[in-house]
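> Make a model of this:
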Amino acid sequence: MWCWGWESCRCRCWSGRWMHILNRFFDPVWSVLMLRRLCFAAVVLLSAATLVHAQSAVEELPAARAVLDASGFTGTTLIYDLNNEHWMAGHAELVDTAALPASTFKLFSSLVALETRVIHSADEIIPWDGVTRSRTETNTDLSLRDAFSVSSVAHYQHLVREIGSGRMGVLLREADYGNTDMNGGLETFWLSGDLRITPRQQIEFLVRLYNNDVPFRPEVVRIVKDIALMEETDTYKLRAKTGLAVVGDAENTGWWVGWVEKDNNAYFFATLLLAQNPDETFVPKRIATTREILSQLNILPADAK
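Here you go, the predicted model:
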């Protein structure tokens, strides 16, 4: 039968499955859901395309490469100029190398501890567990600020236990921190477990932190930026955190990550050094190598600490 109107067509010409599809198509709720899904898919594809472009747009700095080679260790220093959206590195081929975050994770766990109100301020005390360790400066009660400054593993393990795996996992995923993998134990997943992060991801996280584009209250972000402040002069501020992971006979991982605020701009950096059974210079080289490269670029003065 020939149909002369839309209602007639709906009622008489289409049946079963086709009728159901058309009804769904003209259902406003279903249409909105489908539109949202299509938009999300488009955003994912656009983000993927942008990421591919960004990952190929790191300028190799021969002078920085030479500094890293002179350190005697395998590694990279990645730098991001925020205002100019410019990536540069020594050994740019290593900027997407995934490694344990080690104590650089204290930036993130500080945010989570404050956000979940496990601790409420930079000066609130974290109790010592009573276990005597080789680093005597950690064998006492410490404020959050001091625990961050001396990088006390035990005090941060206390905070992470109080946070719990559920809340930590949710915020890891919401903040898109590294690979978000918590396998390896609640107290050790960032030290010897399966959590991994690349130099590029370190900087991407720090940029989001700098811009307050993270799933934490503004006051929480302010406190963490405050405790991360290492140096302040009339011309710049340096906020940073070191990291060191030594896992059995595995490759040692050394980090220094952070940013320099200078001339109404921010310069983000992430140095990753890797070594098998390194000598005693491995630990200080994390910072010394980075400082030399930053001074080459006039981001830090040559006579900075």
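> Flag the shaky bits of the stretch 201-305 of the chain, pLDDT-wise.
The stretch 201-305 of the chain contains residues with pLDDT under 70 at 305.
> Try it again at 90.
247-251, 277-278, 302-305 (pLDDT under 90).
> Which parts of it are strands?
229-232, 236-245, 252-262, 265-275 (DSSP state E, counting those that start in this stretch).
> What is the second one packed up against?
Contacts of strand 236-245 with other secondary structure elements, assessed using 3 or more Cβ pairs under 8 Å, 6 or more residues apart in numbering; DSSP states H and E, are made with strand 229-232, strand 252-262, helix 282-296. (C-beta placed from N, C-alpha, C; glycine too.)
> so where do the strands sit in the stretch 1-150 of the chain?
Shown for the stretch 1-150 of the chain, the strands assigned by DSSP E, counting those that start in this stretch span residues 58-60, 74-81, 86-90, 125-126, 142-143.
> Residues touching the first one, excluding its own?
Under the contact criterion Cβ atoms under 8 Å, 6 or more residues apart in numbering, strand 58-60 has outside partners 78, 86-92, 95.
> just the fourth one next, same as before
Outside of strand 125-126, the residues that reach it under the criterion Cβ under 8 Å, 6+ apart are 119, 141-144, 147, 155, 158-159.
> Which strands border that strand, and is each parallel or antiparallel?
Next to strand 125-126 in the sheet, as set by DSSP bridges, lie strand 142-143 (antiparallel).
> before we move on, what about the first one?
Strand 58-60 pairs in its sheet with strand 86-90 (parallel), by DSSP bridges.
> and the strand it pairs with, which residues are buried?
Neighbour counts over strand 86-90 (16 or more other Cβ atoms under 10 Å) mark 87-90 as buried.
> One more: stretch 287-301?
Using 16+ other Cβ under 10 Å as the test for burial, stretch 287-301 gives 287, 289-294, 296-297, 299-300.
> now do stretch 260-272
In stretch 260-272, counting by 16+ other Cβ under 10 Å, buried: 260-262, 266-272.
> Ok, stretch 200-215 next?
So, applying 16+ other Cβ under 10 Å, buried residues of stretch 200-215: 200-206, 208-210, 214.
> Export stretch 156-176 to CSV, keeping only CA atoms.
Extracted C-alpha coordinates of stretch 156-176, given in CSV (Å, rounded to 0.1, in the frame of the first residue of the first chain):
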residue,chain,number,x,y,z
TYR,A,156,54.2,9.0,53.0
GLN,A,157,53.4,5.3,53.3
HIS,A,158,51.5,6.2,56.4
LEU,A,159,49.4,8.7,54.4
VAL,A,160,48.8,6.2,51.6
ARG,A,161,47.6,3.6,54.0
GLU,A,162,45.1,6.1,55.4
ILE,A,163,44.0,7.1,51.9
GLY,A,164,43.3,3.5,51.0
SER,A,165,43.5,1.8,47.6
GLY,A,166,39.9,2.7,46.6
ARG,A,167,40.3,6.5,46.9
MET,A,168,43.8,6.4,45.5
GLY,A,169,42.8,4.4,42.5
VAL,A,170,39.8,6.7,41.7
LEU,A,171,42.0,9.9,41.8
LEU,A,172,44.8,8.3,39.9
ARG,A,173,42.4,7.6,37.1
GLU,A,174,40.6,11.0,37.3
ALA,A,175,44.0,12.8,37.2
ASP,A,176,45.3,10.5,34.4
